[in-house]
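Chemist: One predicted model, sequence on top.
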Amino acid sequence: MKHGVRLDLQPVLRNAAYRPALTELVAHSSGYTFLNDREEMLDDLLDARREAAALENSVRRFEYRPGDEEALIQTLKSLDGKATTFQGGIGLVVASPFFDDRYTLSATAFTRFAGTFEFVEDDEPKLRLAPVIAFFQLSDLESRARVLGYGMAEVALHRKMDEIDLPATTVSLSFKYQGLSLYEREVPIQDYRESEFFELSGFTREYRRANVDIATLTEIDRWQIGLTLRDLFESTYRGPRDSTFHLRTRGELRVDYRFDWGQASLLQDLTPHPAFGQIKGRRETVLGISAPISSRFVAGAAYTHIARDRDHDTVSLSLTYHLLDSFNIGVTGTLASERELGGAFRLQMPF
């Protein structure tokens with residue numbers, strides 16, 4: 001590695017052919033999270049539970065008056081069809097020039113969740129009948145939130161295929177061991193707790209399997225063009241409530257162009273991410289630029305267009321500090337609206 005050429009292992013997580021030449025052991029860790037509660041479902045659901053509990057107490061103390069149920073009925077009706085989504089992930093890449101420079105190790109885990117609320121019309125007459133029969137309990141309400149999610153953990157051994165001789169092109173194979181978790185449950189009003197809304201225990205079905213990715217990187221002058229085909233072995237699974245999850249081969253494209261002042265990048269999903277219940281098979285297109293603003297700091301900006309999902313397009317700003325050619329630490333902030341935001345970190349160190 002030449003002095004002054006900044007080493008970056010993060011692209012290896014998306015395309016193993018980006019693995020650079022090394023003169024030392026280097027490890028890269030990163031993580032991200034994003035929450036979309038634009039429709040304020042979580043807050044409204046908490047309000048509905050408080051209103052229902054207050055109504056239950058007033059009926060129990062014979063303080064209930066006709067019309068007291070109206071606020072709760074309107075809250076439940078306004079919640080119908082609302083949704084919130086969450087996603088997050090972590091990654092680790094370890095590369096070394098020792099033994100065999102063609103190999104790289106990585107471990108990743110990511111998850112996506114979606115919660116939607118369904119108003120059951122039978123709840124309205126139950127609430128209006130409460131003052132007549134002088135009886136009401138939280139457990140009587142049938143309206144509820146449905147939560148689905150999936151998580152994928154992978155451990156991968158990446159190998160550059162030097163045996164494949166293509167002009168200006170590197171080919172890499174990734175041999176992976178995958179753990180898939182499918183999660184789905186229904187949350188009645190009486191059981192809602194905001195801190196436990198995405199609680200996994202007891203509502204998960206898990207699967208294990210091996211899989212393979214193939215990636216290429218072509219370098220022409222200032223251009224780098226990367227193509228990845230993920231999960232060449234396809235399969236279908238079912239969640240705890242029988243929702244279907246299809247693991248299909250996915251294509252990803254990355255194009256980088258180096259200017260004298262920095263770099264511009266395009267990342268494009270060629271095929272959608274997996275869908276599961278209310279979680280749609282989204283596609284992302286990311287346009288980004290990065291440029292050094294001093295001898296040690298690099299600033300970046302990106303715009304992400306999201307197709308076929310509840311999430312809106314996002315804007316991200318990042319700042320990375322480089323202490324050595326192979327040591328850097330960076331943070332990223334992502335925003336779509338005041339209730340759609342997230343962040344990311346990255347840390348790379350030599351050993």
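Modeler: Happy to help now that I have it.

Chemist: And the helices in this protein?
Modeler: For the chain, the helices defined by DSSP state H cover 41-60, 70-79, 123-133.

Chemist: Of all these, which one is nearest Ile225?
Modeler: With C-beta to C-beta, the closest approach to Ile225 among these belongs to helix 41-60: 41.1 Å. To be clear about C-beta, it is placed using only N, CA and C from the backbone, and glycine gets the same treatment.

Chemist: CA atoms only: put the closest one into PDB for me.
Modeler: Provided in PDB are the C-alpha atoms of helix 41-60 (Å, rounded to 0.1, in the frame of the first residue of the first chain):
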ATOM      1  CA  MET A  41     -48.200   5.200  15.100                       C
ATOM      2  CA  LEU A  42     -46.100   4.500  18.200                       C
ATOM      3  CA  ASP A  43     -47.200   7.600  20.000                       C
ATOM      4  CA  ASP A  44     -50.800   7.200  19.000                       C
ATOM      5  CA  LEU A  45     -50.800   3.600  20.000                       C
ATOM      6  CA  LEU A  46     -49.500   4.600  23.500                       C
ATOM      7  CA  ASP A  47     -52.300   7.300  23.700                       C
ATOM      8  CA  ALA A  48     -54.900   4.600  22.800                       C
ATOM      9  CA  ARG A  49     -53.700   2.300  25.500                       C
ATOM     10  CA  ARG A  50     -53.700   5.100  28.100                       C
ATOM     11  CA  GLU A  51     -57.200   6.200  27.100                       C
ATOM     12  CA  ALA A  52     -58.500   2.600  27.200                       C
ATOM     13  CA  ALA A  53     -56.900   2.100  30.700                       C
ATOM     14  CA  ALA A  54     -58.500   5.300  31.900                       C
ATOM     15  CA  LEU A  55     -61.900   4.200  30.500                       C
ATOM     16  CA  GLU A  56     -61.600   0.800  32.200                       C
ATOM     17  CA  ASN A  57     -60.900   2.500  35.500                       C
ATOM     18  CA  SER A  58     -63.800   4.800  35.300                       C
ATOM     19  CA  VAL A  59     -66.200   2.000  34.500                       C
ATOM     20  CA  ARG A  60     -64.800   0.000  37.400                       C
END
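
Chemist: residues contacting Ala299?
Modeler: By C-beta atoms under 8 Å, 6 or more residues apart in numbering, the contact list for Ala299 reads Ser290, Ala291, Pro292, Ile293, Leu317, Ser318, Leu319, Thr320.

Chemist: From these, which land in strands?
Modeler: Secondary structure from DSSP state E places Ser290, Ala291, Pro292, Leu317, Ser318, Leu319, Thr320 of these in strands.

Chemist: Could you work out the most separated pair of these?
Modeler: Among the ones in strands among the contacts of Ala299, Pro292 and Leu317 lie farthest apart (C-beta to C-beta), at 15.4 Å.

Chemist: any low-confidence regions in the stretch 251-351 of the chain?
Modeler: Along the stretch 251-351 of the chain, no part satisfies pLDDT under 70.

Chemist: Would you map the strands across it?
Modeler: 263-269, 283-292, 297-307, 314-324, 327-337, 340-350 (DSSP state E, counting those that start in this stretch).

Chemist: what sits up against the second one?
Modeler: The contact list for strand 283-292 (C-beta under 8 Å, 6+ apart) reads 261-269, 271-273, 298-308, 316, 318.

Chemist: got the CA positions of it in PDB?
Modeler: Taking Å, rounded to 0.1, in the frame of the first residue of the first chain, the C-alpha atoms of strand 283-292 are listed here in PDB:
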ATOM      1  CA  ARG A 283     -35.100  -1.000  -4.200                       C
ATOM      2  CA  GLU A 284     -32.600   1.700  -3.400                       C
ATOM      3  CA  THR A 285     -30.600   4.000  -5.700                       C
ATOM      4  CA  VAL A 286     -27.900   6.000  -3.900                       C
ATOM      5  CA  LEU A 287     -26.000   9.000  -5.500                       C
ATOM      6  CA  GLY A 288     -23.100  10.100  -3.400                       C
ATOM      7  CA  ILE A 289     -20.000  12.400  -3.500                       C
ATOM      8  CA  SER A 290     -17.100  12.600  -1.200                       C
ATOM      9  CA  ALA A 291     -14.100  15.000  -1.000                       C
ATOM     10  CA  PRO A 292     -11.300  15.800   1.400                       C
END
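
Chemist: No more questions from me, cheers.
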